[in-house]
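A.B. asks: my questions are about this predicted structure, shown below with the sequence.
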Amino acid sequence: MKFLVVDDSSTIRRIITAALKSAGYTDIDTACDGKEALSKCKADPAIGCILSDWNMPEMNGFDFLVAFRAMNKKIPFIMVTTESEKASIVKAVQAGATNYVVKPFTPDILLDKIKVAFNKMGIEA
Ligand SMILES: [Mg+2]
């Protein structure tokens, strides 16, 4: 299972990557905004799960989600938000987000959210 971790903060990218690695996932790519993430998704069919921040320059996580869902409805897409964006979660779920994680989160919470998202999409974790 290849993951794409999308966040404009290198610290958050590092935290998420470390959590994934602790769970045994080693195939991880990163992108620093929605625009870069979208082009990576188009170029790399191996990407099987997306974890994306909401607030990012160039293209935010919501616009990335909408653009991604226009081309792929099967891959789990987990939105990583801050407390203040929580109200927008409904909007994200309606646009096709599989699950969401609110910052700050522990590795356990993140991995549980991924597990739930995999179950929803019928994917073996
Ligand atoms: Mg951000």
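C.D. replies: Okay, I see it. Residues are numbered from 1 along each chain as shown.

A.B. asks: now the helices for this structure?
C.D. replies: Applying DSSP state H to the chain gives helices spanning 10-22, 34-43, 61-69, 89-94, 107-120.

A.B. asks: which elements pack onto the fourth one?
C.D. replies: Secondary-structure packing of helix 89-94 (3 or more Cβ pairs under 8 Å, 6 or more residues apart in numbering; DSSP states H and E): helix 61-69, strand 77-81, strand 99-102. Heads up, the C-betas are built off the backbone N, CA and C, glycines and all.

A.B. asks: which one of these is the most hemmed in?
C.D. replies: Stretch with highest mean neighbour count among these: strand 77-81 (a mean of 24; mean count of other Cβ atoms under 10 Å).

A.B. asks: for it, C-alpha coordinates in PDB please.
C.D. replies: Extracted in PDB, the C-alpha atoms of strand 77-81 (Å, rounded to 0.1, in the frame of the first residue of the first chain):
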ATOM      1  CA  PHE A  77      -8.800  10.100   1.000                       C
ATOM      2  CA  ILE A  78      -8.300  11.200   4.600                       C
ATOM      3  CA  MET A  79      -8.600  14.900   5.300                       C
ATOM      4  CA  VAL A  80      -6.300  16.200   8.100                       C
ATOM      5  CA  THR A  81      -7.800  19.400   9.600                       C
END
